[in-house]
Each structure stands twice: as structure tokens, then as C-alpha cells.
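> after the sequence you'll find the predicted model.
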Amino acid sequence: MLDFFSRGSKGRTDPLANAAAAKAYVEELKREFGASAPDRVAELLASMNSPSLELTPDLLEAVLTLNQETQPLHEALCVQYLMNARMPKMLETQLRSQILNYGKQFTDFYQYALPANAATPGGAKIRALLPLVLARMMYYLIEYARWQYVRNFHPDEVFWLNVNQLYRFAEQQGLDSTAVFLFGDHGAATTVQDQYLILQMLSLLSSGNLNPRQLNFAYEVLARISNRMALTPRYSDDASFVVTLNHPHPASRARAEAGNEMARYWNTADMVEILHGWAIVMEHGRIPPELKPLIEPGVDAGVLNHLTREWAAKPVVFERAERVAVSNRHIEVAHRLPQLHKLIRKPDEEQAQGRAAEGRDSYDDAANIRIYGFVTSRKRDKSSSPLPPSTLSLHGETAEAPAPAEFQKWEVENISQTGLGVSLDVMGNEWVGLGSLIGYREGASDNWSLGIVRRLKRSSRERIYLGVETLSNRPLAASLRPTDSRLIDPTLPPDQVWLAGHISVFMPCRRGGKIVNALVLPLSLYMLGKQFYMSARGKHFQIALGKVMEKGSDWCLAEIELVQKLDKLPVVL
């Protein structure tokens, strides 16, 4: 009977005995835990990492096998993180913790292989595996930095000192240029130097201009063409960037450092030439075969041009509006298209109500005429009679007028002709991201401006800095009705309907040195060439939608073409 209870453990082998045992162990984990197998492997390594660990060749091969067999599941978890921009905060924190813990446990374990001595028993076999060990360590250090950049953080000085010292160790051992296959021979070969250059080039993209998917695209591009660069200890006039191996800092633009043996230089001309060629192909509407697996929403020729500029062999000088520092200035901020539309149209509605009180037709009257064909005197009396500040509720109690809306306030740090720079607390502003559409005003003005967040940087854990491009200082609230249907969907939420049409915002925009007419509208309405009747400030037009200039999760900014001006809207029967 006792043998029945102990039978399950009799045939179980040590998963770290050798590579074959490790592979069998992972297969068992996959059957039992599925996608959570990498977490179980990380737990196993965490229980082993201790100063007293004695590393043997079989143990190292077993851990390398555990790593290789669970890496595809780990990569799938990374993709899940990147593809779900709207995941709940708790789930996002959990996924990030799983991703970083996996890489940390392997990096910590691989450090035991670094002091291996070829003269000791098993030392020669361990040293033969060092190129792969070092390359994987650098790979997971890159992964840590990527997730920092995705969240608009920056790795600290301790991280960069460790990275630079690790590469220095690889150089001293003569292993920095030894080709290895990171996770099996199904991918391209790489070296420690290639991985190190990937990390240094990614550090040059930390200015906050790229969203997570664009940063991931930049990493994937580097993984394919980082071998077009090579480090050298000698400075030359064509050097593009430099990193100093005994300093706790990432790469910077090249400068001559006389007598500094720790400086390493490299040129990016060959790599940038490839990027430039890809950008030209994409600008002509085609996708280079090498990039087809990497293209996704938000990745276009503009991203390649940005990478070309940031990684150029020599600094690219381009015009930028002069920024003027300011102090003691704040803006009130709103977001979401329905709320922005309501705020933008508020002055027009108040003006229309004032005219109605003087006996003139209001915009609401015009809408009623279009819908019903007439406006009754009772309707006029009802619309022109202002509501008292307080009215009786059904229960006979006094119902106070709603309190004025409170808006978030951001501190303005600088202004320019094209926008402004602001700083704000992280808490309460979790919705802010690159490409967010915002409305803002200064003081108690009723005039709202529209802008888009172009840069996002964390100045500390509690504060972030935003660069906001102003789209328009005088946007106009507009109403859209499709020309091919009589009435809009009656099930639409009330805040998405105005004047019997879809809400939208009309504005002139500057693009490519010229002014174009544009419209912010719900994303679900957009179709290239689709025609609408547009009403704005009592005037009516028939328009056609052009190409999309900007796009958010539920809105887009599209060019519009005037088909004809209308004296009045067609009557709805």
C-alpha cells in the first residue's frame, strides 16, 4: 500500500541532470501547465541561484536547454503584452513581472559560468559554451531595457555599468565576435557584439517619440541589420557614435577622446542606407520583403524616416520651432471626442440661445425645421424660456443646477509656434499616451484648442513630461449626415449625436508646408471617398473624406474635399 503512494516519484529524474532530462522536463511542464511553463522554470532557477552553487558542464547544458525550450512561450507572452494596449492595469503589471523575472533568473544563473577556468575539471567544456552564455545574457539585458523604454522609463547607471563591463569581459576573453545561434539554428547567427550594438542603438530612441509597437519594430529591425556595424577602439572622422566601457552611460554622438582606451566607436552609414532604401519603397506603397513580418498598425515609412534621422551617420540638422520657457502657467485639459465636441460647441450654443431670446431663430429651430418642417409657438416658448437656477424635483425638493465641470490642470513648461511642453502627475493621468487627442485652454476662456501628444518622457516616477503639437486654436464643432441615408442610427449614444448628425470637429491643419481642411470624426464613420453633409455654424456643405492624417483608438483626423456648398440641407422625409 505504501508503495502505491510513493510510486509517482520513483521514476522521476532530475531535470537538471543533463540536456536530455531538461528537455523531457519541459515537455512535461507544457502538458501540465501549458503557457505557464516558463514561470515554473523560472521558479526552479530561483531556488538554485545561491553563492554555493557548483556549476558543471551538464548543469549548464541543462539550463541552456530549459531556456531554449521555453523561449517560444516567453516570446508569445511578450507579444501578448505589446498587442494589448488596453489591458487592465493589474494584468499589465502581472505580465510585465513575468517577462522580467524570466530573463532575470537566467541572467543570474549564467553569471556562474563567467569565472570558468579551462584548467579545472569541466572548465574547458564550460568555456566552449561561454559565447552562447554571454550572447543570451546580453539578449535578456536588452529585453529589460526594452520594457523600461516601453513604459517611458530609462535604465539606471548601475544597469549601464553592468552592461558595459559584460561586453568588456567578452572582449578580454576574445568571445565578442564569435557567432552563435541564440535559440536554435532556425534563426540567423549573432554575436555578443551584435547584441551589444542593438542595446546601444535602442538607447538612442529614448526621447519619447515612439509608441511600444514602434519601439518593438525598431528592435526587430536592429536584430536583422546590427551586423552592418562594428566596434573599433580607434576614433576616426567617420565615427557616428561612441560608448565608454568603464562609464555608467549608454551611447552618444562620437567625439574624439584622446588616450581613452575604454572608448569604442562605430559607424552607421551602411545600416542607415538600408533603412533609407526601405523607407523609399514604403513611401511608394510597397512593403520590402524583409519587413513584411514586422508591419502592423502604426508602423510606416514615417517610422523608418525617424530611425534614419536618429541613427544617421552624422547628426541631422532640421528646423524646429523655438521653445520659450515659461513659469506659473497652467492649462485645463479634456479628452475623448464627445467631451471635446461638447466643449468646442458650447460658445456657439450659448450665442445661439442669446439670439433665440431676442426672437431670432436658433440652430435648434433650424434643426427642428429640417426634421419636422415647422416650429410650433409652444416649442419656441419652451426653448426661449431660460430655466431658473433651481427647479422643483418630482419629490418637491429643490434640485440645484449641476456644478461646472472640473478639468485636469497641467503645468506649462515651454511654448512654441507649433505647440507646448507640459508636465503633470502620473497619478490620475494614466489615459495619456503618444498620439492622444486632447483639448486644452488657458485660464477661464471658453475657446478650446486641439492638440496631439507627440512626446512622452518620465521625468521621475511621479511626473511625466509631454510635448503637445497644436492642431488648431480655433476648431469648429460640426455635424455629419451621410448623403446615402436619411437618418443616422437611432441607437447611437446621445453624446455622439448633434443637430441630428454625427459629432465631428472641423479645422484647418498645416501639413507639408500647406494648409489643408481636415475633420476629426469617429473612426467607425471613416471610409475613403465617402461623402457627408456637414453643418458648422449654420452653414452647410457636401464633403468627401480624403486620406487619414492621424488616428486614435476611436477617432481619426482625415483630410476633406469640398464637393459643393449648400444653401440648406436636403429635407429628411
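That came through, no problem.

> which residues does Pro522 bridge with?
Trp555 (DSSP bridges).

> again, but for Ile415
Val324, Leu420.

> what's the pLDDT at it?
Looking at Ile415, its pLDDT reads 93.

> where's it relative to Ile452, distance?
Ile415 sits 16 Å away from Ile452, going by C-beta to C-beta, to the nearest Å. From N, CA and C alone the C-beta is placed, and that goes for glycine too.

> what of Ile142?
30 Å.

> who's more crowded, these two?
Taking neighbours as other C-beta atoms under 10 Å, Ile142 and Ile452 compare with Ile142 leading, 21 against 18.

> kindly list the longest helix within the protein.
When the chain is parsed with DSSP state H, its longest helix is helix 57-83.

> how far off centre is that one?
25 Å (C-alpha atoms, centre = their mean, to the nearest Å).

> list the contacts for the residue nearest the centre of the chain?
Nearest to the geometric centre of the chain sits Asn211, at 2.2 Å (C-alpha atoms, centre = their mean). Contacts here follow C-beta atoms under 8 Å, 6 or more residues apart in numbering; on that basis Asn211 touches 298, 433-435.

> confidence score at it?
pLDDT, Asn211: 91.

> that one and His306, how far apart?
12 Å.

> overlap in contacts of the two?
Counting by C-beta under 8 Å, 6+ apart, nothing touches both Asn211 and His306.

> what residues of stretch 433-444 count as buried?
By neighbour count on 16 or more other C-beta atoms under 10 Å, the buried set for stretch 433-444 is 433-434, 436-441.

> report the two of those separated the most.
Maximum pairwise distance in these, criterion C-beta to C-beta, is 22.3 Å, between Leu434 and Arg441.

> what about the closest residue to Lys346 other than its chain neighbours, how many residues nearby?
For Lys346, ignoring the flanking residues on the chain, the nearest one in space by C-beta to C-beta, 6 or more residues apart in numbering is Asp446 at 6.2 Å. By other C-beta under 10 Å, the residues close to Asp446 number 11.

> where does Asp446 fall, secondary structure wise?
Using DSSP states H and E, Asp446 sits in no helix or strand.

> can you pull the phi/psi pair for it?
phi -90, psi 0 (degrees, to the nearest 10).

> so it sits against Pro347, correct?
Yes. With contact defined as C-beta atoms under 8 Å, Asp446 reaches Pro347; the gap is 4.7 Å.

> re earlier: which elements pack onto the longest helix of the chain?
helix 19-33, helix 37-48, helix 89-110, helix 123-128, helix 130-150, helix 212-225 (3 or more C-beta pairs under 8 Å, 6 or more residues apart in numbering; DSSP states H and E).

> my read: Arg255 touches Val242, true?
Yes. Between Arg255 and Val242 there is a contact under C-beta under 8 Å: 6.5 Å.

> so where is this structure shaky, pLDDT-wise?
Scanning the chain for pLDDT under 70 picks out 1-12, 257-259, 318-321, 354-405, 486, 572-573.

> mind listing what's buried in stretch 315-332?
Those would be 323, 331-332, for stretch 315-332 by 16+ other C-beta under 10 Å.

> now do the closest residue to Met229 other than its chain neighbours against Ala518, distance only.
Of all residues not flanking Met229 in the chain, Trp266 sits nearest, at 4.8 Å (C-beta to C-beta, 6+ apart). From Trp266 over to Ala518 the distance is 42 Å, taken as C-beta to C-beta.

> repeat that for Leu204.
Taking C-beta to C-beta, one finds Leu204 at 33 Å from Ala518.

> remind me what the one helix or strand Ala279 maps to packs against, helices and strands.
With elements taken from DSSP H and E, the one containing Ala279 is helix 269-283. Contacts defined by 3+ C-beta pairs under 8 Å, 6+ apart place helix 269-283 against helix 212-225, helix 301-310.

> distance to Pro72 and mean neighbour count added to those, as JSON lines?
Putting these into JSON lines (distance: least, C-beta to C-beta, whole Å; neighbours: other C-beta atoms under 10 Å) gives the following:
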{"stretch": "helix 212-225", "distance to Pro72": "16", "mean neighbour count": "20"}
{"stretch": "helix 301-310", "distance to Pro72": "27", "mean neighbour count": "18"}
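
> pipe those helices into CSV and attach distance to Lys342 per row.
CSV is the format used below for the helices and strands packed on helix 269-283 (distance: least, C-beta to C-beta, whole Å):
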stretch, distance to Lys342
helix 212-225, 31
helix 301-310, 32
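
> buried ones in stretch 495-509?
496-507, 509.

> of the residues you listed, which belong to strands?
497-498, 501-507, 509 (DSSP state E).

> export the residues you listed to CSV and tack on distance to Cys78?
Formatted as CSV, those follow (distance: C-beta to C-beta, whole Å):
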residue, distance to Cys78
Val497, 41
Trp498, 43
Gly501, 44
His502, 38
Ile503, 38
Ser504, 38
Val505, 37
Phe506, 41
Met507, 39
Cys509, 36
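
> so which of those comes closest to Leu59?
Nearest to Leu59 among these: Cys509, at 62.3 Å, using C-beta to C-beta.

> for the closest one, what are its contacts?
471-472, 515-518, 549, 557.

> same check, this time on Leu492
So Leu492 contacts His502 (C-beta under 8 Å, 6+ apart).

> then Pro250?
Pro250 touches 155, 160, 199-200, 203-204, 243, counting by C-beta under 8 Å, 6+ apart.

> do the same with Gln68
Taking C-beta under 8 Å, 6+ apart as the criterion, Gln68 is in contact with 183-184.

> Glu332 in helix, strand or coil?
strand (DSSP: H, G, I helix; E, B strand; the rest coil).

> quick one: it and Asp446 touch, right?
No. The criterion here is C-beta under 8 Å, and Glu332 misses it with Asp446 at 11.2 Å.

> what's next to stretch 416-429, contact-wise?
With C-beta under 8 Å, 6+ apart as the criterion, stretch 416-429 contacts 321-324, 331, 408, 410-415, 432, 451, 454, 458-459, 461-470.

> so Tyr56 is in contact with Gly122, correct?
Actually, residue 56 is Thr. It isn't Tyr. Yes. Using C-beta under 8 Å, Thr56 is in contact with Gly122, at 5.6 Å.

> strands of the stretch 351-500 of the chain, start to end?
390-392, 398-400, 408-415, 419-425, 437-441, 449-458, 463-472, 476-482, 497-498 (DSSP state E, counting those that start in this stretch).

> I'd like those laid out as TSV, including distance to Asn101.
Formatted as TSV, the strands of the stretch 351-500 of the chain follow (distance: least, C-beta to C-beta, whole Å):
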stretch	distance to Asn101
strand 390-392	58
strand 398-400	53
strand 408-415	35
strand 419-425	29
strand 437-441	36
strand 449-458	22
strand 463-472	26
strand 476-482	50
strand 497-498	49
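
> between those, which one is nearest to Gln111?
Counting by C-beta to C-beta, Gln111 lies closest to strand 449-458 out of these; the figure is 29.3 Å.

> what residues of stretch 190-208 count as buried?
By neighbour count on 16+ other C-beta under 10 Å, the buried set for stretch 190-208 is 190-206, 208.

> equivalent analysis for stretch 15-25, please.
15-16, 18-19, 21-23, 25.

> and stretch 106-117, by the same measure?
Neighbour-count burial for stretch 106-117 flags 106-107, 109-110, 112-114, 116 (criterion: 16+ other C-beta under 10 Å).

> kindly report the same for stretch 467-479.
Those would be 467-472, 475-479, for stretch 467-479 by 16+ other C-beta under 10 Å.

> before we move on, what about stretch 484-493?
Buried, per 16+ other C-beta under 10 Å, within stretch 484-493: Ile488.
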